[in-house]
Each structure stands twice: as structure tokens, then as C-alpha cells.
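Colleague: Predicted model and sequence follow; I will ask about them next.
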Amino acid sequence: MNIEQQSTLLAHTQFVARHFIAYRGSLDKLIELVRYSIGEAAPDADVMRNFLLRDTTQRTLELEYETGLWRSSDRNQSWRLISLAVNADPEVAKRLLERRPPSPDCCAFCFQDERGALDALKPEIDLYGNSIAGVYLHRQCSRPWKYMRDLVARAPKENNHDPF
């Protein structure tokens, strides 16, 4: 697979992640979705599988394409494709931070359920090394979560002085 095909595959993987926000399923179905997105120029499924299974590819997706791709530690060994893109609006980020997942077994960022998977979620840690109660995140989701926290913390505070 040449560089052009690799960048096309990475871009379409990012597109599929942004379309679904949080995908959970088999790698074969994920490859099928990405191949459909690429169209006629899509590489063979086995070539795509080998490329997506590489740690370097998954790290590139995470750092450069705001896309998390990993195999879950649940008993089905399902795959996760998560859009790690964050809205730059502090008000939207504040609303997203205030939402809580339906159970403590869910990631606070992507809301993917990790029931039965050991050590899939880690508690959020503050500046002093203390865990924040009720906030559990995937390793991949912790960076955009921290970015949203920083965005809200740096937002200018509105002066709500009502003259009446």
C-alpha cells in the first residue's frame, strides 16, 4: 500500500468515525464501512485489515486524525472506532462535561459501555493526583476530555450583574 492509499484510508476511517461518533462492532464490518466510503478505489479488505491492525496506524489515527481505534477487552473482542474531535465552543463543552453516562461502567466521553471488561476505564485524575468521582474514561478518550475541561476553564466568565 503506497502513501497515497494510506492517507486515503486514514481520512475515510476518520470520516466513518465522525459519521457514527462511537462505533462498536466487528473489524470486518468496520472495514466494509470504510471500503464503502472510499468507493471503487478501495484497497482489498485483507490489506486494509493488516494496515488497521498496526499500532502505528492506530496511534496516527489518534494523534493526527482525532480518531480512536482499538480492540475492546470485552469477551466478544469487539472493535471501537470513536471520534475524538472536540467542539471549540466553551458552552457546548460545558454541557458535554455536565452530562453523565447512564452507568459507572460507561466512558464519560464516548458513552461506550464496558461492563465486564476489566481495566478498560480509568478514573479521571485532577492536578493533585486525586480521582474525580464518577468520571471514568478510556485511555484514548482522556485527552479530548481534558481538552474540553481546559476549554471550559479558560473561557471568559460572564458578568451577570443585573442592574434591576
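Modeller: In hand now; what should we look at?

Colleague: which residues are contacting the longest helix seen in the chain?
Modeller: Scanning the chain for the longest helix, with DSSP state H as the assignment, gives helix 3-20. Helix 3-20 is contacted by residues 1, 23, 30, 33-34, 37-38, 41, 43, 48, 51-52, 57, 60-61, 64-69, 81-83, 85 when judged by CB atoms under 8 Å, 6 or more residues apart in numbering. For glycine as for every other residue, the C-beta is placed from the backbone atoms N, C-alpha and C.

Colleague: How about the contacts made by the residue nearest to F109 when sequence neighbours are not counted?
Modeller: In space, and not counting its chain neighbours, F109 is closest to C141: 3.7 Å by CB to CB, 6 or more residues apart in numbering. If you count contacts by CB under 8 Å, 6+ apart, C141 has them with 68, 82, 84, 107-110.

Colleague: Can you tell me which of those is nearest Y147?
Modeller: Y147 has its nearest neighbour among the contacts of C141 in L84, at 9.2 Å by CB to CB.

Colleague: For burial, what's the neighbour tally of the closest one?
Modeller: Using other CB atoms under 10 Å, L84 has 24 neighbouring residues.

Colleague: how much distance is there from the longest strand along the chain to the middle of the chain?
Modeller: Determined from DSSP state E, the single longest strand within the chain is strand 131-137. Using CA atoms, centre = their mean, to the nearest Å, the mean C-alpha position of strand 131-137 is found 17 Å from that of the whole chain.

Colleague: Could you do stretch 99-113 as well?
Modeller: 13 Å.

Colleague: For that stretch, measure first residue to last.
Modeller: Using CA to CA, to the nearest Å, the span of stretch 99-113 from its first residue to its last is 15 Å.

Colleague: now the strands: where do they sit in this structure?
Modeller: Assigned by DSSP E, the chain shows strands spanning 22-25, 67-71, 79-83, 122-125, 131-137.

Colleague: Turn the ones you listed into JSON lines, columns for mean neighbour count and mean pLDDT.
Modeller: Shown next, in JSON lines, are the strands of the chain (neighbours: other CB atoms under 10 Å; pLDDT from 0 to 100):
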{"stretch": "strand 22-25", "mean neighbour count": "17", "mean pLDDT": "94"}
{"stretch": "strand 67-71", "mean neighbour count": "20", "mean pLDDT": "94"}
{"stretch": "strand 79-83", "mean neighbour count": "23", "mean pLDDT": "95"}
{"stretch": "strand 122-125", "mean neighbour count": "16", "mean pLDDT": "85"}
{"stretch": "strand 131-137", "mean neighbour count": "16", "mean pLDDT": "83"}
